[in-house]
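Student: After the sequence you'll find the predicted model.
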Amino acid sequence: MRSVKVVKIGGNVIDDPAALKRFLGEFAALEGAKILVHGGGKLATRLAERLELKTQMVDGRRITDRGTLDVVTMVYAGLVNKQLVAGLQAEGCNALGLSGADGNVVAARRRAPEPVDYGFVGDIERVDAGLLVRLLDAGLTPVFPAIMHDGRGTLLNCNADGVATALATALAPQMPTDLVFCFEKRGVLRNPDDEESVIAEITPDDFAALRAEGVVSKGMLPKIENALKAVAEGVRSVVIRSAGNLAEPSGTVIREHPAAQ
């Protein structure tokens, strides 16, 4: 049966032209159907500063007021998305840039204002998996920023890890689906100062213990939570790894149950 790989990259790759070019070549070379989900990098923050818009963050998440929404939409769904699509085309990968509003492929709802009002920030509510399958069957590679819509004319800034998870879980009943979260480290590290301390496997029980010990904290918490949600909802595999050498097995594998010995 045909399978699909959903790969998410963060701003650390987007902000590094050499790393981005290398990644796009490796992503384009992956065999089979694939989808790319991307963050925005630092460009949105720099543009907001030039426009004298104050950047507000709470627990690592951006407060998205109306002005900030305009900026992140222009940068994430516009410039960055089209640069990635053009880069993939140059590598022979027939990419198609899509926000959630395009084809009504992904809808979200605005996050409740309590306990923190994040403004125009959304959580994924629905994915049109049938449309995605048709695009993949046509030989296209969808490329998504984290800009979605509420179906009533409002765009919403969503978490890119959450978008990748939603796409993967929506596709899982249709075809075997693998999810890859790429970031700057080689995997989840037991010691953040030791690149060799990659934790090979994390299950829900492991995660609870690692969180209690403080080994996993801050931005890694939602990443692993999304990964565990994905495997619980039928995604075949989830890996947290670096963006380099995509064809090589590496990183931290997230499992619902410990692997058989």
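Tutor: Yes, it's here. Residues are numbered from 1 along each chain as shown.
Student: and the closest residue to Gly40 other than its chain neighbours, which of the three is it?
Tutor: Once flanking residues are discounted, Gly40 sits nearest to Tyr76: 4.3 Å by C-beta to C-beta, 6 or more residues apart in numbering. (Each C-beta comes from the backbone N, C-alpha and C, glycine too.) What DSSP: H, G, I helix; E, B strand; the rest coil gives for Tyr76 is helix.
Student: pLDDT below threshold where in the stretch 151-261 of the chain?
Tutor: Along the stretch 151-261 of the chain, the parts satisfying pLDDT under 70 run over 260-261.
Student: re earlier: Gln83 versus the residue nearest to Gly40, what's the distance?
Tutor: According to C-beta to C-beta, to the nearest Å, Tyr76 and Gln83 sit 11 Å apart.
Student: Equivalent analysis for Glu225, please.
Tutor: To Gln83, Glu225 is 30 Å away according to C-beta to C-beta.
Student: so how many other residues sit close to the residue nearest to Gly40?
Tutor: 26 (other C-beta atoms under 10 Å).
Student: Do a quick rundown of the helices in this protein.
Tutor: Read by DSSP state H, the chain holds these helices, from start to end of the chain: 11-14, 17-29, 43-50, 66-72, 81-90, 129-137, 160-171, 204-213, 220-232.
Student: Show me the strands in the stretch 51-200 of the chain, by range?
Tutor: For the stretch 51-200 of the chain, the strands defined by DSSP state E, counting those that start in this stretch cover 57-58, 61-62, 95-97, 106-110, 121-127, 141-144, 147-149, 155-158, 177-183.
Student: Give me the residues contacting the fourth one.
Tutor: Contact with strand 106-110 is made by 100, 120-128, 144, 148-151, 154, 156, 158, 163, 166-167, as judged by C-beta atoms under 8 Å, 6 or more residues apart in numbering.
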